[in-house]
Each structure stands twice: as structure tokens, then as C-alpha cells.
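Undergrad: sharing a model that was predicted from the sequence below.
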Amino acid sequence: MVTEKSTNLIDTSAGPQWFPGSLITSPSAGMTPFGLNLATEARSMFPKLPVAPQMRSSISSYKIEANGSLSVLPLRGYESDRGLCWVAVNPGNRVVYTTNTGSASLTGFAISPTGTLTLLTPAGRPE
């Protein structure tokens, strides 16, 4: 998987048993997809880095379809502090944390069995 920041696209190349195959391009759920981390074979998270300093960031979760294309999973009403940058998924694939470089903080999300994300706390901050 490769994120294309300037085109707002995400490229996958999945062949049999996840060996490289044909290039498949899917639209990003938001502007400027930046990084990614796989939570399982069926989901991935892509933070969106703002293209202007005054813009806020968000995170998206995607389902990887059988043909390698991506379908965005719902996350309602969330925008991070400025500068959401990196994502880290815990080894059990149940929690994802994002760094907010603009505010020197972390935001945590629970990962449901279907791949949707929910804030761990009302503000998303670890307590």
C-alpha cells in the first residue's frame, strides 16, 4: 500500500496470497493521506495530514476488499488536534493511537471487530 499525498489516492497491489499484483487505486476518505498501519489483513488506518497549518487532521479506517480496493469505514464527528501524524496499532489489534504533533498529544481509538474506530475517552486522550 502506498499513499499519494498530492492526489489524495491510496494504491494497493494485491495478487494471490497478498503477493504483488495489478495496481488498484482507491480514493482517500480525506485530503492528503499521509501514513498507514495495518491492524489486521482486513483493515488499515490512514491519518490525514492537513495541507495548510490552520486545517485540522482526521483518521480513517478502511476495509481491504477481495480485489484489493479499499472501502472507508465510518468514523463520525472526529477531528484531531493539529498535526495528526503517525498511527500505532497495539499487538492485539484492539486499539490505535495517533500522535498529534501540533499539540504534543496522543489520541486513542478502540478498533471494533468490523474495523470501525471509536474514541477511547470523550476527548480521545489516554487517562
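TA: In hand now; what should we look at?
Undergrad: now stretch 8-23: average pLDDT?
TA: This predicted structure assigns stretch 8-23 an average pLDDT of 80.
Undergrad: just the buried positions in it, please.
TA: Applying a neighbour-count criterion of 16 or more other Cβ atoms under 10 Å, the buried positions in stretch 8-23 are 8, 10, 12, 14. To be clear about C-beta, it is placed using only N, CA and C from the backbone, and glycine gets the same treatment.
Undergrad: who are the neighbours in contact with the nearest residue to residue 114 once chain neighbours are set aside?
TA: Distance criterion Cβ to Cβ, 6 or more residues apart in numbering; nearest residue to residue 114, sequence neighbours excluded, is residue 73 at 7.1 Å. With contact set as Cβ atoms under 8 Å, 6 or more residues apart in numbering, residue 73 has these partners: 43, 60, 61, 62, 63, 114, 115, 116, 117.
Undergrad: which one of those residues sits closest to residue 35?
TA: Proximity of these to residue 35 was ranked by Cβ to Cβ; the top entry is residue 60 with 11.7 Å.
Undergrad: from residue 27, how far out is the closest one?
TA: Using Cβ to Cβ, to the nearest Å, we find residue 60 at a distance of 11 Å from residue 27.
Undergrad: those two: which is more packed in?
TA: With other Cβ atoms under 10 Å as the criterion, residue 60 and residue 27 differ in neighbour count, and residue 60 comes out ahead with 22 against 13.
Undergrad: my read is that one is in a helix, agree?
TA: No: under DSSP: H, G, I helix; E, B strand; the rest coil, residue 60 sits outside any helix and is assigned strand.
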